[in-house]
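> Using only what follows, build the 3D model:
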Amino acid sequence: MEAAIVIMALLFFAFVALGVYATVKVAKAAKRGVDRTLSQAKRTVEDTTLRAKSYGQGGVAGELAQLRLSLRTSMRATQDALQAAAPEDASLQESLLLFQRLSGHGRELDEDLKRLEREPDRARVAGALGELRERTERITHSAESLRWAARDRARKFAEDDLSSLSAQIDVEAGALRHWSTVDDTPGSQPAADFSWPEADPVAGAGHEQVWPADGAAQDADGTPGPPAQGQQPPQAITARDPRVATFPWEKTPRPETTN
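Numbers count the residues shown, from 1 in each chain. Coordinates of the predicted model:
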């Protein structure tokens, strides 16, 4: 009885621990989802604001907004392209590591541009625009190089796979068009035996030809073999001796009597 109580208690605590673990995992997943949604919403708002400033404002503020917008757009596009192609191509792992190092420089530049947007000394900001523009172009050029190289690599692999598949399909289609079989070739079927049986030379010209009986065996050359079991062999017909001449006026001799 005590053992059953202990087992029930252990099962209860195990179910409680499992429920707590599942609750924590669900809460963390929900928190990550909420954080991801908030980050995307915040990024969308910032991009919209920067786009509005770059088109609506002129001077130093508009230049800074345009630099930030081009930097963020290029880095995000490269990140999406590399992350999408990395699971299918292991060679892009090195490219991802390089992009992570490049992202560090990009975030540093974005923070500098954001800080200069709140700088009241516009003359000093205008003097730093040349160096900021050069840094932005270098970073975006490197990001675009990685992105286009990954896309060209994926497109090349797709073209090679399509060419190989087309060649295999052409070979298979050609094989399917050979629909003639061995049975259609000449000489595949045995020739029918059209030989005529020879007449008995002893029977004369008026004697009919002797055909083998149904079911009788034949030799390989077509000559009739021995009769089958239960069948009578063909009876030979004795012809009249041509050396004995008979005339119609001769009478048949009568047998002599003893009277």
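
> got the contact list for stretch 149-169?
81-82, 85, 88-89, 91-92, 95 (C-beta atoms under 8 Å, 6 or more residues apart in numbering). The way it works is simple: take the backbone N, C-alpha and C, and place the C-beta from them, glycine included.

> Please disregard the earlier target; I meant stretch 44-60.
Stretch 44-60 is contacted from outside by 61-62, 65-66, 68-69, 72-73, 122, 125-126, 129, using C-beta under 8 Å, 6+ apart.

> can you rerun that using 7 Å?
Contacting residues not belonging to stretch 44-60 are listed as 61-62, 65-66, 68-69, 72, 122, 125-126, 129 [C-beta atoms under 7 Å, 6 or more residues apart in numbering].

> next one: stretch 124-143
60, 63, 67, 70-71, 74-75, 78, 102, 105-106, 109, 113, 116, 119.

> make it 6 Å
Stretch 124-143 has contacts (C-beta atoms under 6 Å, 6 or more residues apart in numbering) with 60, 63, 67, 71, 74-75, 78, 102, 105-106, 109, 116, 119.

> Which two among those are spaced furthest apart?
Spanning the widest gap among these are Thr78 and Glu119, at 28.8 Å by C-beta to C-beta.

> following the helix or strand harbouring Ala14, which helix or strand shows up next?
Applying DSSP states H and E as the criterion places Ala14 in helix 2-56. Downstream of helix 2-56, the first helix or strand assigned by DSSP H and E is helix 59-85.

> Report the angle between that next one and helix 2-56.
With axes from the mean of the first three to the mean of the last three C-alpha atoms, to 10 degrees applied, the angle from helix 59-85 to helix 2-56 works out at 140 degrees.

> Buried residues in the helix or strand just after helix 59-85, which are they?
Remark: after helix 59-85, the chain's next helix or strand is helix 93-117, criterion DSSP H and E. Across helix 93-117, burial judged by 16 or more other C-beta atoms under 10 Å covers 95, 99, 102, 106, 109-110, 112-113, 116.

> about what we covered before: want to try a markdown table for the contacts of stretch 149-169, with distance to His178 and pLDDT as columns?
Converted to a markdown table, these look like this (distance: C-beta to C-beta, whole Å; pLDDT from 0 to 100):
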| residue | distance to His178 | pLDDT |
| --- | --- | --- |
| Ala81 | 46 | 90 |
| Leu82 | 48 | 91 |
| Ala85 | 42 | 86 |
| Glu88 | 38 | 84 |
| Asp89 | 39 | 83 |
| Ser91 | 42 | 84 |
| Leu92 | 44 | 87 |
| Ser95 | 48 | 90 |
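
> hmm, back to that, what's the most distant pair in the buried residues of helix 93-117?
Ser95 and Leu116 (30.9 Å).

> Could I get the CA-only coordinates of stretch 57-71 as CSV?
C-alpha atoms of stretch 57-71 as CSV (Å, rounded to 0.1, in the frame of the first residue of the first chain):
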residue,chain,number,x,y,z
GLN,A,57,13.2,67.2,-46.2
GLY,A,58,16.2,68.7,-47.9
GLY,A,59,19.6,69.6,-46.7
VAL,A,60,21.5,67.7,-44.0
ALA,A,61,18.5,66.0,-42.5
GLY,A,62,17.3,64.6,-45.8
GLU,A,63,20.9,63.4,-46.7
LEU,A,64,21.3,61.6,-43.4
ALA,A,65,17.8,59.9,-43.7
GLN,A,66,18.7,58.8,-47.3
LEU,A,67,22.0,57.3,-46.1
ARG,A,68,20.3,55.4,-43.3
LEU,A,69,17.6,54.1,-45.6
SER,A,70,20.0,52.9,-48.2
LEU,A,71,22.2,51.2,-45.6
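
> Now do the buried residues in it.
For stretch 57-71, by 16+ other C-beta under 10 Å, it's 60-61, 63-71.

> Helix, strand or coil: sort out Ala143 for me.
With DSSP: H, G, I helix; E, B strand; the rest coil as the basis, Ala143 sits in helix.
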